[in-house]
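Novice: structure for the following, please:
(2 chains)
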Amino acid sequence: MEATKKGNSELGKILGYSLFIMLAFVGFAKFGIPLVIPELPPVEEKITGAMTQDQMVAMGDKIFHGKGTCTLCHSPVGGRAPLLDGVATRAPERIKDPRYKGKAKTGEEYIRESMKEPSTYVVAGFGKPGTNDTVSPMPQIDKGAIGLNDVEINAVIAYFQKSSGLPVTVPLPTGAAAAPAAGGAEAAAPKPAATAEEAFNKYGCVTCHKVPGIAEGGDMGPDLTKLASAAGSRKPGMSGEMYIIESISTPNAYVVKGFDPDIMPGDFAEKVTMSEMNLIVKALLGKK
Amino acid sequence: MKVRFMFSHLKKMLSQRSPSAYRFGVALASLLVIPAALSFNSLEISQPVLKAAAEAVSVQKVWANEAAAAAAPAAEAKKDEKKGTEVWAPLAPPKLEAKDYPVVKGFNSRITVWFIAQLHLFFGAFVLAVPIFVWLIELTGVITKDERYDHMAHEFMKVAMTGFSLAASFGGLLSIALVVFYPQFMLYMTGIFGKVMIFYALAFFAESFFLYTYYYGWDKMSDGKAKTIHLSLGLGLNLAGVFLMMVSNSWASFMMAPSGLDDAGVFKGDVWAAINGHLWNPVNIHRFVANIAYGGSLTAAYAGYKFLTAKTAQEKAHYDWMGYTSFFIAIIGLLPLPFAGYWLTKEIYDYSQQMGITLMGGAFAWLFILQAVLIGTIFLSANYYLWCCLARSPGAKRYTFMIKPIAIVIVTAFLAWFTPHTLVMTSKEVTQIGGAHHPLLGKFGVMAAKNTAVNFLIVLTFLSFQIYQRSNKRAVGDDFWATNGTSVQIGLYVAGLANILSLGIYSYYLPASVRIGLSVPQVTTTLIVIVTSFILDGKIFKKSEEMGETQWGNMPVRSQYALFTLTIGFTWLMGLMGYVRSAIRQHWHVYTVFRDNSPDAFTPTLPYAASVVTVIVCVFIALVLFMFWMPMLAAKKGSSGEH
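Specialist: Predicted coordinates:
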């Protein structure tokens, strides 16, 4: 009986001690180190023509810092991958580098290619060890765990271009949203225009401009009925399509001779949806 | 009334005939009942759930047919079924939705599977490890003709016997739980590993055969040729165990780093390619080594309890010896474990930098600070036990002066390992300090310091062990090694530690991608110091004399608590690392191929995981008490105290 009591008491002490150690571990996990709440599983972003350019850029920002997991490496902590501040400005220079092995012709194409085939150009010092900077450790972001689709990739490129102070040149998404994403930016957006005429009237373009397809128009701004032939040559190296997009989203980027700057509102990038932008560009370029 | 009478009769019988067995029973019952009452308040499967399960089965059928049809061109291996040849239709991973996951009332799918899988792993690891060192101890007994080894090996085996049943039971339960809660995942895995699974199941028969003949034939096959047959049975048992471990590891490593699939995740038909993935061997090695350390620590805890409750000096001496042997086995596994861990992590990085960074620099970065605390606890308790062991040796006084310096270096190394890289601060604090890194302590947060610290920990733990091993010996003779060997060893330790430290400091001046490569010469230095010093001990004490009789049983009570700390530290650490190994797949059943879209696909936070691990370990302890209680129940009075 004495032995039983001793044994029970010893066992009690051992179990109590074991529990104490485990509680110390849990306590340290709970109070000793900062609480990190891992992000929820990513969802496919709803990027549609109903978004504005700024919303698409914002979406690119969100993907860059979230689903794309880009900042795991492209951040000052750890120095694992080159920082991407101003990457869109540097991109055209990369193409001229003798080490460049890709097929891109423009900065936009270079960035897209870098995401899909990271080894076409590896920034010095960031290649896989032992490969002399010929093989990138970066995963293909349109495959595997990240798996961004083309529209998401374009949104990220748009974010890079905008944050580098360049015009957004990526192909614009078309089509209406299938359904507004919960809490998404498009939830509060007004119904997009269905035709170019609707878009010109919706944003009051005809108040200052003459536009194709509408008889009446103002003269405070340049006549846009003949823009189709002039747009492509306004800015060297910039297509007519991109010139129009830039003129709508950043009016002071190029001011037509004889007109004053700061007259046209600068907030159309926040208002005009991608599908509307497509309609306007096509109409001004005389395309159907 | 009848039940109550039977219970009181059983209680009376157990408390009188086997007090220790009765104590274990009481503890076991109380530890089992509480979590059971808390966790499983309802086992009911409601009608809607049964309906959903039936629908899920029909969905599976449709999906399997569709997938097989879609993959038909790829199924070149498909042959005519009528001729009796193989039919193999590769399956594409399905895109599941939350509704595709059956819901069973009263159960959370993930926690249930987590619980069962971890308990299965705990027991699986134990019963894989014990026969390995039992076999080695038995072999030692045969070679040295010392029967004490044979008796101890037999007792270890006795302790582990119930563990086999528990490991198998949890394995079966895990299979059922996976089929019930994740049927489509299991269908996909079976589509790839189905053939291997059959061999896996058959291997259990082989293991059972070897296990029972090995254990029950122990006394019958005790000498001569029969002993050789007995050892062969033990070898067969171990081979079957390792085979089982490696096969099940291949499923886990496939989920982390899938192989043998095309771009769409469709199995290409080569099972070996699916098994022999990028992480299979690193996981095999890491688990094998860890299992040895873990198995040793569990039997050490058993011996520790028996030591504390021993009634006679002889019994105490026996369990002290058993505890030390178990501890020795645990240390043999512990010392190479960090290297195996580094290799596994390196291979994870090689496979997917994204996964590697998620592990070490992303959401789980702080987990490794907790891991450092646990490993520090394990190393400190191991060293403390070794210092206590010096009490057994009359000649140990020559070495006790070394304990304090070793303790200081070990604690310093632990603190360096424990220091986080980035501090979490308010913007005001960041401004005051001048960045997210502390100007002085921040230096200890990078891998340069941590690699150095872990190598110091390993070398000095080996030094503590070596001191104990030689504490009761005196070299005799005047040959070179007997007179100068110790000086050579001192020089070796000093040069080795200086080299590790220099490499660590030098690596601060290198880019991060190159820095990690310096861990290789550091590890090599550690291994050279350990192996060479061990060999030198053999040369120095080739002719030696004992400085007195080793006083087995002369150990303070606190030394046994160091063993319990070791066991709890190991067990909890295994649970934690089980969580992170699985969690770095994030929202994927099979990484990058088969997405987890269940409601539980999110990654749990560290405190949440720590709480779950603690409850699992509590349940495990309860079951271990049951496992230890079994041999005591069967023990004959006065059978202990063999030493």
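Novice: for burial, what's the neighbour tally of the residue of the stretch 51-200 of chain A found nearest chain B?
Specialist: Closest to chain B within the stretch 51-200 of chain A is A:Gly144: 4.0 Å, counting by C-beta to the nearest C-beta. Heads up, the C-betas are built off the backbone N, CA and C, glycines and all. Counted with other C-beta atoms under 10 Å in any protein chain shown, residues neighbouring A:Gly144 total 16.
Novice: with B:Ala340 instead?
Specialist: Look at B:Ala340: counted by other C-beta under 10 Å, it has 19 neighbours.
Novice: also A:Gly12?
Specialist: 12.
Novice: any idea how far it is from B:Met355?
Specialist: 44 Å (C-beta to C-beta, to the nearest Å).
Novice: ok so, going back, and the closest residue to the residue of the stretch 51-200 of chain A closest to chain B other than its chain neighbours, what pLDDT?
Specialist: In space, not counting the residues next to it along the chain, A:Gly144 is nearest to B:Thr592; the distance is 4.0 Å by C-beta to C-beta, 6 or more residues apart in numbering or on different chains. Looking at B:Thr592, its pLDDT stands at 89.
Novice: same question for B:Ala413.
Specialist: On the pLDDT scale, B:Ala413 gets 93.
Novice: would you list every one of the helices in the stretch 351-500 of chain B?
Specialist: B:353-360, B:367-389, B:403-418, B:427-433, B:447-470, B:480-507 (DSSP state H, counting those that start in this stretch).
Novice: tell me which of those sits nearest to chain A.
Specialist: helix B:353-360 (4.6 Å).
Novice: which residues of the stretch 251-400 of chain B lie near chain A?
Specialist: B:263, B:304-305, B:308-309, B:311, B:352-355, B:357-358, B:361-363, B:365-366, B:369-370, B:373-374, B:377 (C-beta under 8 Å from any C-beta of the partner chain).
Novice: which of these are buried?
Specialist: B:304-305, B:308-309, B:352-355, B:357-358, B:361-363, B:365-366, B:369-370, B:373-374, B:377 (16 or more other C-beta atoms under 10 Å in any protein chain shown).
Novice: tell me which element the most centrally placed residue in chain A is part of?
Specialist: Closest residue to the average C-alpha location of chain A: A:Gly60 at 2.0 Å, with C-alpha atoms, centre = their mean. Per DSSP states H and E, A:Gly60 falls inside helix A:53-65.
Novice: so, in contact with chain B or not, that helix?
Specialist: No - using C-beta under 8 Å from any C-beta, helix A:53-65 stays clear of chain B, with a minimum separation of 13.1 Å.
Novice: just checking, what packs against the helix or strand just after that helix?
Specialist: For helix A:53-65, the succeeding helix or strand toward the C-terminus, using DSSP H and E, is helix A:87-96. Helix A:87-96 sits against helix A:107-116, helix A:150-163, with contacts defined as 3 or more C-beta pairs under 8 Å, 6 or more residues apart in numbering or on different chains; DSSP states H and E.
Novice: so what's the gap between helix A:87-96 and the chain middle?
Specialist: When distances are taken as C-alpha atoms, centre = their mean, to the nearest Å, helix A:87-96 is centred 18 Å away from the chain's centroid.
Novice: so it versus helix A:150-163, what angle?
Specialist: In terms of direction (axes from the mean of the first three to the mean of the last three C-alpha atoms, to 10 degrees), helix A:87-96 departs from helix A:150-163 by 100 degrees.
Novice: name the residues of helix A:87-96 that come out as buried.
Specialist: For helix A:87-96, by 16+ other C-beta under 10 Å, it's A:87-88, A:90-91, A:94-95.
Novice: who touches it?
Specialist: A:100, A:102, A:104-108, A:110-111, A:121, A:157, A:160-161, A:163-166 (C-beta atoms under 8 Å, 6 or more residues apart in numbering or on different chains).
Novice: please repeat the previous calculation with a cut-off of 7 Å.
Specialist: Contacts of helix A:87-96 from elsewhere in the structure, counted by C-beta atoms under 7 Å, 6 or more residues apart in numbering or on different chains, are A:100, A:104, A:107, A:110-111, A:121, A:160-161, A:164, A:166.
Novice: closest to A:Gln55 among those?
Specialist: Relative to A:Gln55, the closest of the contacts of helix A:87-96 is A:Gln161; by C-beta to C-beta it sits at 14.8 Å.
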